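> Sequence and predicted structure below; questions after.
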Amino acid sequence: MKKILAFAGSNSSTSINQQLLDHIVGRIQGHQIKELRLTDYPLPIYSQDIEKNEGIPLNSTIIKNLIMESDALVVAVNEHNGGPSAFFKNIIDWLSRANRNFLEGKMILLVSTSPGKRGAKSSLEYVKNIFGRFGGQVIESFSLPSFKDNFQDGRLTNEVLDMGIEDVLTTFAHQIES
């Protein structure tokens, strides 16, 4: 049984990426899963001056330690204007300052969604690339397009997309178990 840490990069109380994450986490069986709400760990906007004068914020260290204690991650990536939200990017900035390789040895499943047809693919690709720089290994990724058309009442309504998520989850589970 592996320890999986799951979180969404959104600070919205009505986040569709959080809804997708909840659905995906509910489908993972046989592992210990901890869902983390990043909004419970507020951080100042990254600044070299803050880092120099005050050090790394405690909440950044707490998040980093939770990541280090896990074997794998499931991360839902939101998108604002083609990139990850400033909220999520700020967390990544602080984590990388606390430990440049804060994702070292972590196997990662990335998921994203948006109201549009691209399903936050630009942000997903950005995060996939940057997580590799910090030592993470993105095993699988999945982008759900047109959230409101394909997801209702906590579940996927599009059978083809549902099969796609199942394939991604199967591959992810096999990789983290080996």
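Yes, it's here.
> Going by C-alpha atoms from here, please, whenever you check contacts or count neighbours.
Noted.
> all helices for the protein, in order.
16-27, 48-54, 58-68, 86-98, 121-133, 147-150, 159-177 (DSSP state H).
> just checking, what packs against the first one?
Here helix 16-27 touches strand 3-8, strand 72-77, strand 107-113, going by 3 or more C-alpha pairs under 8 Å, 6 or more residues apart in numbering; DSSP states H and E.
> now the last one
Packed against helix 159-177 by the contact rule (3+ C-alpha pairs under 8 Å, 6+ apart) you find strand 137-144.
> nearest to residue 41, of the helices of the chain?
Minimum separation from residue 41 across these (C-alpha to C-alpha) falls at helix 58-68, 5.3 Å.
> Show residues contacting stretch 88-100.
Stretch 88-100 has contacts (C-alpha atoms under 8 Å, 6 or more residues apart in numbering) with 9-10, 43, 45-46, 56, 60-61, 63-64, 102, 134.
> With stretch 52-72 instead?
2-5, 41-43, 73, 91, 94-95, 97-99, 102-103, 105-108, 176.
> can you pull up the bridge partners for the residue nearest in space to the middle of the chain?
Per C-alpha atoms, centre = their mean, the C-alpha nearest to the average position across the chain is that of residue 75, at 1.7 Å. Here residue 75 shows beta-bridge partners residue 7, residue 110, assigned using DSSP bridges.
> Spit out the contact partners of it.
Residue 75 is in contact with 6-9, 21, 108-111, counting by C-alpha under 8 Å, 6+ apart.
> next one: residue 46
For residue 46, the contacting residues are 90, 93-94, taking C-alpha under 8 Å, 6+ apart as the criterion.
> Distance of it relative to residue 75?
To residue 75, residue 46 is 21 Å away according to C-alpha to C-alpha, to the nearest Å.
> Check residue 23 too.
With distances taken as C-alpha to C-alpha, residue 23 is found 12 Å from residue 75.
> re the thing from before, okay, the contacts of residue 75 in a markdown table with pLDDT, distance to residue 69 and neighbour count next?
Putting the contacts of residue 75 into a markdown table (pLDDT from 0 to 100; distance: C-alpha to C-alpha, whole Å; neighbours: other C-alpha atoms under 10 Å) gives the following:
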| residue | pLDDT | distance to residue 69 | neighbour count |
| --- | --- | --- | --- |
| 6 | 98 | 12 | 25 |
| 7 | 98 | 14 | 20 |
| 8 | 98 | 18 | 28 |
| 9 | 96 | 19 | 25 |
| 21 | 97 | 20 | 24 |
| 108 | 98 | 14 | 27 |
| 109 | 98 | 17 | 23 |
| 110 | 98 | 19 | 23 |
| 111 | 97 | 21 | 26 |
